[in-house]
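[1] requesting a structural model of the entry that follows:
(chains A and B)
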Amino acid sequence: MSTLAVGGPGVLPMRGLDSQFWSTQGSNVTLAVIAIVAFVAVVALIMFGADLVRGRSRDKVQLVVLVTPVLALLAVGLIYPAFDTIWISFTESVREPDPETGINTVTTTFAGLSNYVYAFTDPTMARTILNTLLWMIFVPLLSTGIGLAYAVFIDRAKGEKVLKSLVFMPMAISMVGASVIWGSIMYNYNQTGDQTGMLNALLVLVGLEPVSFLTVQPWNTFFLILILVWSQTGFAMVIISAAIKGVPPEMNEAASLDGANAWERFWSITIPSIRGTLVVVVTTITIATLKVYDIVRTLTQGRNSTDVVANKMFVLSFVEQRQELGAALAVILFAFVIPVVIYNVRSLNKVKETR
Amino acid sequence: MTAIDTAADTGSDKPEKKSRAAKAKENLTSPWATGAAIVIAALWTIPTIGLFMTSLVPGTRYRTDAWWEVLLDGELTFANYSSVLFDSFGDSSTAPPLLGYVMNSVVVTVPSVVFPLVLGLMAAYAFAWIPFRGSSFLFVTIFALQVVPLQLALIPLLRLLGPQNLGLAGQFPGVWIAHTIFAMPLAVFLLHNFIAQIPSDIIEAARVDGASHTQIFFRVIIPLSLPAVASLAIFQFLWVWNDLLVSAVFGSSKTYPLTYPISSLAGSYGATAYLVPPAAFVSMIIPLIVFFSLQRYFVRGLLAGSTKG
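    Residues are numbered from 1 along each chain as shown, chains lettered A, B, ... in the order given. Below you'll find the predicted structure:
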């Protein structure tokens, strides 16, 4: 896997929109249309085929038809690979020329915990893991905190819908897009000449020194974290806002008749009423944060001690072809999630019990 | 309890007026809250506007001048867009144009939205309305899979789809399959939550009339679950369109969507850096249009997915 998209093996035309370009696009679109039509046709055929079955087995056959595709895809594409990754993380592959033929051969051997030992002892790797923990702590806290504050501030305000849309909008923007917005527009730093980045221009305007946001350690990690906060706050705000609207207004009215001010009502009524929602929001954002590699990949590629596990995992596995180490990092990511998984399954069971 | 009783005792017309008055007073007495809300709204909006303005800065002035300086000189131009879209986008002038990547994004996204929706709807119906052994165990497993980082599956799945096995990696079908697999847990969970709320009378009446599961699926489930399908479709569309990881791992230069070349070029900080803002804006336009026109469905889906857990 090359790190650059340009210069592929002549698949896209080398310049402009020539006839080869259009024939490539034409065949790609045709492929997609055929795939969708064929998929829908096959599914419909199988479903109606299952409906032709007569007698007692009909229900069973149809049940199998309904659930098998999903179960098979998950088993083959997610569950088996997950266990395989765990296994790979305990192995080591050595590439050596065969003594007789001289051809390079790869031998895979069991390596115990050596990949994990490396991940936690190598200073660069340890820093990468520490950075991921920082992301895990700050992104959910800041996103939820700002989202909660904003939801409360604009609750029943004039133009609430528009105000919500403004903060919600980054949800539609890719992490790559958000990285470009912040990296090239807000955080841009020029060593010489005028500052073209908006934040640095502002700093200069008020008489401060410009900051090289993406290289100044250790704050650069924090500046990258803010990009994800920017992206996730809208999610937190929308969910929390809906929960706030679910709080019976009588409770607030009663409290204000009893003389509670806005601040007291917020802490004694709003927060306890939406505690469950807050937990869900923090949990969801925590899990999402662990997986995000786009921001680091786009802006720093991990330089200046900004790497995170998700990016390092990608680079090791698919650029440097050190998949055993990459697998160990994937397992470490999963280990960070496990407490959250257990908590979620428990709360789902509770919901099912109360139904 | 007593507080609520007092509120009820004061009559039905009074609290309405009181709360309005209290609300107005609260808004007046908290200029800090209003100020903070304005600051947040500005911080969440201005960067995107800045991107758009910067995308109009000609390449000759990109390094030295900020967009507001170029704006004051009246030199902002849409020329970047046509050169990025139709000439070339990349480190060199021989790089392919962005339009190819736009098309790739479309070709990657549409099937990756349709496949998981159809399969997810089928399984969601079974889990919601067909009692069978192991149903709740399987459903809880699928629910739990939602939070497994997809990184955990990448390496073996790539080997499975790779040249030694299925030979689909680097091709569109490989990318579709990967996206479909990773979408499954959320799709089943979200659609199940919605389908489970269909009144049981409807389904039971159909069963009593002798309707099979297939017939119920086509005549009852599909028409009634269209709002949930719409929510999930928007969700999945945004996720796939904005994805970088799955496309980078399972794709190739034949299939890379918009995010891939933009990420590469933005990270190289080279002489062609001025091409990045217009390209990034191009990549954002379609999701932003979808998002703003269908925001209602999107929010509904978000709420269904996160508050029922």
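[2] going forward, measure contacts and count neighbours with C-alpha atoms only.
    Will do.
[3] quick check, the longest helix belonging to chain B touching chain A?
    Counting by DSSP state H, the longest helix found in chain B is helix B:98-129. Yes: residues of helix B:98-129 contacting chain A under CA under 8 Å from any CA of the partner chain: B:100, B:103-104, B:107, B:110-111, B:114-115, B:119-120, B:122-123, B:125-126.
[4] can I see the domain layout of chain B?
    Domain segmentation of chain B under automatic domain parsing yields B:32-77, B:98-307.
[5] relative to A:Glu160, which of the ones you listed is closest?
    For the domains of chain B, proximity to A:Glu160 was assessed by CA to CA; domain B:32-77 is nearest, at 10.9 Å.
[6] quick check: buried residues in the very next helix or strand once past the longest helix of chain B?
    Where DSSP states H and E defines the elements, the next helix or strand beyond helix B:98-129 is helix B:135-145. For helix B:135-145, the neighbour count (16 or more other CA atoms under 10 Å in any protein chain shown) marks B:Phe139, B:Val140, B:Ile142, B:Phe143, B:Ala144, B:Leu145 as buried.
[7] about what we covered before: which of the residues of helix B:98-129 next to chain A count as buried?
    Neighbour-count burial (16+ other CA under 10 Å) is assigned, among the residues of helix B:98-129 next to chain A, to B:100, B:103-104, B:107, B:110-111, B:114-115, B:119-120, B:122-123, B:125-126.
[8] okay, those in JSON lines with pLDDT next?
    Converted to JSON lines, those look like this (pLDDT from 0 to 100):
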{"residue": "B:Gly100", "pLDDT": "91"}
{"residue": "B:Met103", "pLDDT": "94"}
{"residue": "B:Asn104", "pLDDT": "94"}
{"residue": "B:Val107", "pLDDT": "95"}
{"residue": "B:Val110", "pLDDT": "96"}
{"residue": "B:Pro111", "pLDDT": "96"}
{"residue": "B:Val114", "pLDDT": "96"}
{"residue": "B:Phe115", "pLDDT": "96"}
{"residue": "B:Leu119", "pLDDT": "95"}
{"residue": "B:Gly120", "pLDDT": "94"}
{"residue": "B:Met122", "pLDDT": "93"}
{"residue": "B:Ala123", "pLDDT": "94"}
{"residue": "B:Tyr125", "pLDDT": "92"}
{"residue": "B:Ala126", "pLDDT": "92"}
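[9] kindly indicate which of the residues you listed lies nearest B:Pro199.
    B:Tyr125 (13.3 Å).
[10] show me what contacts the closest one?
    Neighbouring residues of B:Tyr125 by CA atoms under 8 Å, 6 or more residues apart in numbering or on different chains: A:Leu66, B:His192, B:Ile195, B:Ala196, B:Phe217, B:Ile221.
[11] 10 Å instead, please
    Residues near B:Tyr125 by CA atoms under 10 Å, 6 or more residues apart in numbering or on different chains: A:63, A:66-67, B:188, B:191-196, B:213, B:216-217, B:221-222.
[12] where in the chain is pLDDT low?
    No chain was given, so I picked chain A. For chain A, the stretches with pLDDT under 70 are A:1-16, A:341, A:344-345, A:347-355.
[13] nope, chain B please
    Those would be B:1-29, B:305-309, if you go by pLDDT under 70 across chain B.
[14] what sits against the most centrally placed residue in it?
    Computing the C-alpha centroid of chain B and ranking residues by CA atoms, centre = their mean puts B:Leu238 first, at 2.7 Å. Going by CA under 10 Å, 6+ apart, B:Leu238 touches A:Met171, A:Ala172, A:Ile173, A:Ser174, B:Thr109, B:Val113, B:Leu232, B:Ile286, B:Pro287, B:Leu288, B:Val290, B:Phe291.
[15] if we go to 7 Å?
    Contact analysis of B:Leu238 by CA atoms under 7 Å, 6 or more residues apart in numbering or on different chains lists A:Ala172, B:Pro287.
[16] which of the helices or strands spans it?
    Per DSSP H and E: helix B:226-242 holds B:Leu238.
[17] using CSV, list the CA coordinates for that helix.
    Listed next in CSV are the C-alpha coordinates belonging to helix B:226-242 (Å, rounded to 0.1, in the frame of the first residue of the first chain):
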residue,chain,number,x,y,z
LEU,B,226,-39.3,3.4,6.2
PRO,B,227,-38.5,6.3,8.6
ALA,B,228,-35.9,4.2,10.4
VAL,B,229,-34.5,3.0,7.1
ALA,B,230,-34.2,6.7,6.0
SER,B,231,-32.4,7.6,9.3
LEU,B,232,-30.0,4.7,8.9
ALA,B,233,-29.4,5.4,5.2
ILE,B,234,-28.3,8.9,6.0
PHE,B,235,-26.1,7.6,8.8
GLN,B,236,-24.4,5.0,6.7
PHE,B,237,-24.1,7.5,3.8
LEU,B,238,-22.2,10.0,5.9
TRP,B,239,-20.1,7.2,7.5
VAL,B,240,-19.0,5.7,4.2
TRP,B,241,-18.6,9.0,2.3
ASN,B,242,-16.4,10.4,5.0
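[18] so after it, what's the next helix or strand?
    Sequence-wise, the next helix or strand downstream of helix B:226-242 (DSSP H and E) is helix B:245-250.
[19] up against chain A, what does the stretch 1-150 of chain B have?
    Residues of the stretch 1-150 of chain B lying close to chain A by CA under 7 Å from any CA of the partner chain are B:3-4, B:6-7, B:19, B:26, B:33-34, B:37, B:41, B:44-45, B:47-48, B:50-51, B:64-66, B:86-88, B:90, B:94-97, B:103, B:107, B:111, B:119-120, B:122-123, B:126, B:140, B:144, B:147-149.
[20] the residues you listed in strands, which ones?
    Of the residues of the stretch 1-150 of chain B next to chain A, none are assigned to strands by DSSP state E.
[21] mind giving me the PyMOL select for those, buried ones only?
    Buried members of the residues of the stretch 1-150 of chain B next to chain A, defined by 16+ other CA under 10 Å, are picked up in PyMOL with:
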select buried, chain B and resi 3+6+7+19+33+34+37+41+44+45+47+48+50+51+65+66+86+87+88+90+94+95+96+97+103+107+111+119+120+122+123+126+140+144+147+148+149
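[22] tell me who's in contact with residue 243.
    Picking chain A for this. Counting by CA under 7 Å, 6+ apart, A:Ala243 makes contact with A:Ile274, A:Thr277.
[23] that's the wrong chain, I wanted chain B
    By CA under 7 Å, 6+ apart, B:Asp243 has no neighbours at all.
[24] got the phi and psi for it?
    The phi and psi values for B:Asp243, taken as degrees, to the nearest 10, are phi -70, psi 140.
[25] same question, A:Thr101
    A:Thr101 has phi and psi values of phi -90, psi -20 when expressed as degrees, to the nearest 10.
[26] how about the helix ranked longest in chain A, which residues are buried there?
    Counting residues, the longest helix found in chain A (DSSP H) is helix A:19-52. Of the residues in helix A:19-52, A:21, A:24-25, A:28-29, A:32, A:35-36, A:39, A:43, A:47, A:50-51 count as buried by neighbour count, 16+ other CA under 10 Å.
[27] around chain A, pick out the residues from the stretch 151-300 of chain B.
    So the stretch 151-300 of chain B meets chain A at B:151-153, B:155-157, B:181, B:184, B:213-214, B:238, B:242, B:244, B:253-254, B:259-261, B:263-264, B:266-267, B:277, B:280, B:284, B:287-288, B:291 (CA under 7 Å from any CA).
[28] out of these, which sit inside helices?
    Per DSSP H, these map to helices at B:151-153, B:155-157, B:181, B:184, B:213-214, B:238, B:242, B:259-261, B:263-264, B:266-267, B:277, B:280, B:284, B:287-288, B:291.
[29] give the contact list for B:Gly120.
    Counted by CA under 7 Å, 6+ apart, B:Gly120 has contacts A:Val70, B:Met184, B:Ala187, B:Val188.
[30] most widely separated two among those residues?
    Greatest spatial distance among the contacts of B:Gly120 (CA to CA): A:Val70 and B:Ala187, at 10.1 Å.
[31] which of the two has more neighbours?
    B:Ala187 (29 against 24; other CA atoms under 10 Å in any protein chain shown).
[32] leaving out the residues flanking it, which one is nearest to the more buried one?
    B:Gly120 (5.4 Å; CA to CA, 6 or more residues apart in numbering or on different chains).
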